[in-house]
Structure formats: C-alpha cells, structure tokens
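> here's a sequence, model it:
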Amino acid sequence: MSKEKNTGIGFFEKYLTIWVLICMAAGILIGKFLPGIPEFLSRFEYAQISIPIAVLIWVMIYPMMMKVDFQSIKNVRNNPQGLLISSGTSWLIKPFLMFGLASFFFHVVFKALIPTELAQSYVAGAVLLGAAPCTAMVFVWSNLTKGDPAHTLVQVAVNDLIILVAFVPIVSFLLGVTNIFVPWDTLILSIVLFVVVPLVGGFLTRYFMVKNKGEEYFTQRFIPKFDNITTVGLLLTLVIIFSFQGDAILENPLHVLLIAVPLILQNVLTAVFAYWMCKVTKQPHNVAAPAALIGASDFFELSVAVAIALFGPTSPVVLVCTVGVLTEVPVMLLLVRFVNKTKHWFIDPKTVH
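Next up, the predicted model:
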C-alpha cells in the first residue's frame, strides 16, 4: 500500500484565500471596465448554463472522476450512515433552515431596511436557492478535502434522483405556490454535463492508463499531475462569475450584503450539522467531509433558471439567487479550510471496515 501524501498541499492551495480575493476583484473590475468580455462569454449559454463555466467545471471535476474506483462503489453500501446524514441534511434540514433564516432576517432583523413586499421576494429567492443541493462543484470541495470519490459520486447520484421528485413539492410548500415551472432542460443538462460527461471521461482515462501503465503509475504519478489544475479551474471560474455579476454588487451593495447574511448562515449551519452528525456516528473523515460540504452547497444553476421562469429576469427573486452564486464559492472554501484543519477529530479511514 502506498504511503498517503498528507503534506502535499500545493502552492495554490496554501495561499488559496489570497488568490480567491484577487480573482473576485479581477472579475468585478473586468465587468466594470471591460464589459465586452462578459458580454462575449454570455453568448455561449444554453438552458441558463454558461458553457465557459461548464468547461471550467469539467477541468475541476475531471481529476476527481479519474480517482473513482468503480470496484469500490459497491463498498459504499457497507457504510450507509454518511449517505443518510448527507441526504437528510440536504432534504430534511437545509430547505426549511433556509426558509426560516430568510424569513427571520428579511422580515424581522432587516425590516427597517427592506420593504415588506421586497422582503417576500427575497425569501422566495432564498427558498429556491436552498431547495436543492449542488451537483457540480461538490466534486471540487470533496477533492480539496481528499474526500472519498466513490462516496461523493454515489451521494451526488442519490441527490440527482431525489431532486426529480422532491424539488417541486418542497418549493410549493414553502412558498405557497402551485404553478412551479421546472426547467427540465436545465436540470437534465446539468446532470449530463456535470456528472455523466466527466464521469465517462474519468472512467475511460483510468481504464486505459491502468491497462497500459499500471495501477501504481496511475495513482502515484499520473493523478498528481492534475492537482493544481483543479485550483486553477476554480480561480478562473471565480473571475468569470464575478465579471458576470459585478454590476449587481456595485449597483446595490447594501442589499447584496443583507441578502448574503442568511445565505451564508445557511451554508455554514448545514455543513456544521452534517459534520457534527458524522463525528457523533464515528464516520471517517473522507466520508464526513463530502457529507458536510454536499449538504451545505446550493444548486444555483437550477435556482436561477426557476427564478427567471417564475418571476422574470429582472425580479428581486433572481437577485437573491445571483447573490447565492457570489457567496457560495468563498464560503465553501472557508468550510473546506475548516474541514481540513479538523481532520484529526475523526477516526482514520483505514480503521473503518
């Protein structure tokens, strides 16, 4: 068995906070002073999904997909508690916590700053954002915490199936509306683009590399070549996202800050809850990390598409989903940092059978 590389945090990962701040500022400046760039990139969009961002997400996901050992997927069923904790957090805790936090802050704490009608729109946007867990970026967070690739893949697949039957009832119940339009093209295309395509690519790469070069070469020399590529893809994604949404920050900074408060709290509280439950049930760290981060993340492509379809592109509901896009990556990176620093709280995965 090879020795695990536990001191291998790279240059980009070591100073990731600095690069993130630089890329966020660069994105805002590009959107402000070079608007032709985001305007050009926005032409490449289908079903509310940005193709340039999709390509960068492939860059981020592909290394982790190569790590998925399909022989080990069947072993996930031997330790289902991590899956149950993550699924329970995503579907029984997260949407209702989001609704409660949004209602409390927008209707009570920020009442003097946000008119009642606008506050209701903000609550609606928060509910759409928190009603479904992320499909794509969770592979990045799991990879940055050295999560179990097989567990992460199975969890995302389970969530994708649950979305098909649970998203509409949850949103309808919390918002009291029945005419929810599900953008199936966005939903299906997201699953195909962010799960199926990179998974097939990773599987074929692993199969042919192991066949031609051997298992040891693949795991010890080939996979590590992609470590920094994930981080570079993440930083470029930040530049594009903030170049697209920079106007929302510059034109309405106070409301962006107010909206961000319950959204960030939801991400943090759901992650802490799932992480704590994994610790209580003695899950290994490589299961607890993705369980917590999957539970905390939001499916922002789906929420933006539904918000536009239901309330129109200029609605304040869409603004909330947009702020969710802006806050999620920095918040999740902070959670990744916390999860990595608390690895010693958990038992060694090698002792779990």
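> look at the most far-flung residue of the chain relative to its centre and report its pLDDT.
Summary for the chain: using Cα atoms, centre = their mean, the residue whose C-alpha lies farthest from the chain's mean C-alpha position is residue 212, with a distance of 34.4 Å. On the pLDDT scale, residue 212 is placed at 89.
> and it, that's in a helix?
Yes: counting by DSSP: H, G, I helix; E, B strand; the rest coil, residue 212 is part of a helix.
> state the distance from it to residue 335.
Counting by Cβ to Cβ, to the nearest Å, the gap between residue 212 and residue 335 amounts to 38 Å. Backbone N, C-alpha and C define where each C-beta goes, glycine included.
> try residue 299
Here the distance between residue 299 and residue 335 works out to 17 Å (Cβ to Cβ).
> so for the two, which residue has more residues nearby?
Neighbours of residue 299 and residue 335, each counted by other Cβ atoms under 10 Å, are more numerous for residue 299; the result is 29 against 23.
> what's the closest non-adjacent residue to the more buried one?
residue 132 (4.0 Å; Cβ to Cβ, 6 or more residues apart in numbering).
> kindly report the same for residue 197.
For residue 197, the nearest residue in space outside its immediate sequence neighbours is residue 58; the separation is 6.9 Å by Cβ to Cβ, 6+ apart.
> so which other helices or strands are in contact with the helix or strand containing the one you found?
Assignment of secondary structure by DSSP states H and E places residue 58 within helix 51-67. Using 3 or more Cβ pairs under 8 Å, 6 or more residues apart in numbering; DSSP states H and E as the contact test, the elements touching helix 51-67 are helix 138-144, helix 149-175, helix 197-213, helix 227-251.
> would CSV of those with distance to residue 189 be doable?
Written out in CSV, the entries for the helices and strands packed on helix 51-67 read as follows (distance: least, Cβ to Cβ, whole Å):
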stretch, distance to residue 189
helix 138-144, 17
helix 149-175, 12
helix 197-213, 10
helix 227-251, 18
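> most tightly surrounded among these?
Mean neighbour count (mean count of other Cβ atoms under 10 Å) peaks for helix 138-144 among the helices and strands packed on helix 51-67, with a mean of 27.
> got the CA positions of it in CSV?
As requested, the backbone C-alpha atoms of helix 138-144 are provided in CSV (Å, rounded to 0.1, in the frame of the first residue of the first chain):
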residue,chain,number,x,y,z
VAL,A,138,-19.3,19.4,-4.7
PHE,A,139,-16.8,17.3,-6.5
VAL,A,140,-14.3,20.2,-6.2
TRP,A,141,-15.0,20.6,-2.5
SER,A,142,-14.6,16.9,-1.9
ASN,A,143,-11.4,16.8,-3.9
LEU,A,144,-9.9,19.7,-1.9
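> pull the helix or strand with minimum mean pLDDT from this structure.
Counting by mean pLDDT, DSSP states H and E, the weakest-scoring helix or strand in the chain turns out to be helix 11-14, with a mean of 64.
> where does pLDDT dip in the stretch 1-150 of the chain?
1-14, 47-48, 70-74, 76 (pLDDT under 70).
> if we go to 80?
Low-confidence regions of the stretch 1-150 of the chain, defined here as pLDDT under 80, cover residues 1-17, 45-50, 57-58, 60-61, 63-65, 67-79, 132, 134-137.
> for it, just list every one of the helices.
Under the criterion DSSP state H, counting those that start in this stretch, helices of the stretch 1-150 of the chain are mapped to 11-14, 16-33, 36-41, 51-67, 70-73, 81-88, 94-104, 116-130, 138-144, 149-175.
> tell me how far residue 328 lies from residue 264.
Taking Cβ to Cβ as the measure, residue 328 and residue 264 are separated by 9 Å.
> also residue 254?
Applying Cβ to Cβ, the value for residue 254 to residue 264 is 16 Å.
> more neighbours, these two?
Comparing residue 254 with residue 264 by neighbour count (other Cβ under 10 Å), the higher total belongs to residue 264, at 18 against 10.
> you'd agree that one is in a helix?
Yes: remark: residue 264 belongs to a helix, assigned using three-state DSSP.
> isn't it right up against residue 327?
Yes: shown here, residue 264 and residue 327 form a contact pair, counting by Cβ atoms under 8 Å, at 5.6 Å.
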